[in-house]
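Peer 1: I'd like to go over a predicted model; first the sequence, then the structure.
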Amino acid sequence: MVFELKNIYKDYLQGKEAVPVLKDISLEVSEGEYVAIMGPSGSGKSTLMNIIGCLDKQTKGSFVFDGCDIMQAKDRKLSEIRNKKIGFVFQNFNLLPRQSALENVELPLLYAGVGKRERRQRAKAALEKVGLAQRMMFKPTQLSGGQKQRVAIARAIVNNPKLLLADEPTGALDTKSGDQVMELFKELNDDGVTIVMITHEPDIARCAKRIMYIRDGELHGEKAGEQE
């Protein structure tokens, strides 16, 4: 089991009033799964992603990630989980513009205290895996949108995380680049990488093996994706 959410609620305060955002959400994801969570804007999917990514904590309910009770975890432990056990892929790439592709991919290893030689070797291997062996020294401004997202994916997998968490990974891409990124996700999943992807696009969700639906803060039924 990579993680288990059980009876998760999340409220935000508006003045003195608690506004419910997530309501009684339960979800288990096992190693090697590829899950899409679909929902429109305002459905709560970004809040759910932040909780799964240990960027925010639930108001109540149980969240266990790789054996760790997240509600009880201290900030240092949460930082360690985010750095070593979760790879993040964002819609807008979140690359450092003045750093090369290689230096961007090295960042999680730098934060993890990995030595320079090993750091460089692992970053190069990750970029080769996403098909950017010839673009390692290019800066983000010299790359297409699809190539930037590939750099972001290489950065997300360089630490061999337990979970790849993708938030609208094709949202800033044209159709062709989006299809290429989805093909890369399929290859990573075939290699055993566990993926949870947040999206509002049905065509993108169908690339996953399991689809969940979130609406008005509630997680509804699931069905098989096109790979089943």
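Peer 2: Yep, that arrived. Numbering: from 1, shown residues only.

Peer 1: hey, let's count contacts and neighbours off CA atoms from now on
Peer 2: OK.

Peer 1: low pLDDT regions in this structure?
Peer 2: Across the chain, the ranges flagged by pLDDT under 70 are 222-228.

Peer 1: could you pull out the helices for it?
Peer 2: Assigned by DSSP state H, the chain shows helices spanning 45-52, 75-84, 101-111, 116-129, 145-157, 175-190, 202-205.

Peer 1: what sits up against the fifth one?
Peer 2: Contacts to helix 145-157, defined as Cα atoms under 8 Å, 6 or more residues apart in numbering, come from residues 86-90, 93-95, 101, 104-108, 123, 126-127, 129-132, 140, 164, 169, 172-173, 177-178, 180-181.

Peer 1: and the buried ones among those, selectable in ChimeraX?
Peer 2: Buried residues among the contacts of helix 145-157 (16 or more other Cα atoms under 10 Å), as a ChimeraX selection:
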select :86,87,88,89,90,93,95,101,104,105,106,107,108,123,126,127,129,130,132,140,164,169,172,173,177,178,181
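
Peer 1: still on that earlier bit, and the helices of the chain, which is most packed in?
Peer 2: Highest mean neighbour count of the helices of the chain: helix 145-157, a mean of 25 (counted as mean count of other Cα atoms under 10 Å).

Peer 1: using PDB, list the CA coordinates for that helix.
Peer 2: Extracted C-alpha coordinates of helix 145-157, given in PDB (Å, rounded to 0.1, in the frame of the first residue of the first chain):
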ATOM      1  CA  GLY A 145       6.300  23.100 -23.500                       C
ATOM      2  CA  GLY A 146       6.400  19.400 -24.000                       C
ATOM      3  CA  GLN A 147      10.200  19.300 -23.300                       C
ATOM      4  CA  LYS A 148       9.800  21.400 -20.200                       C
ATOM      5  CA  GLN A 149       7.200  18.900 -18.900                       C
ATOM      6  CA  ARG A 150       9.600  16.100 -19.600                       C
ATOM      7  CA  VAL A 151      12.300  17.800 -17.600                       C
ATOM      8  CA  ALA A 152       9.700  18.200 -14.800                       C
ATOM      9  CA  ILE A 153       8.900  14.500 -15.000                       C
ATOM     10  CA  ALA A 154      12.600  13.600 -14.900                       C
ATOM     11  CA  ARG A 155      12.900  15.800 -11.800                       C
ATOM     12  CA  ALA A 156       9.900  14.000 -10.200                       C
ATOM     13  CA  ILE A 157      11.300  10.500 -10.800                       C
END
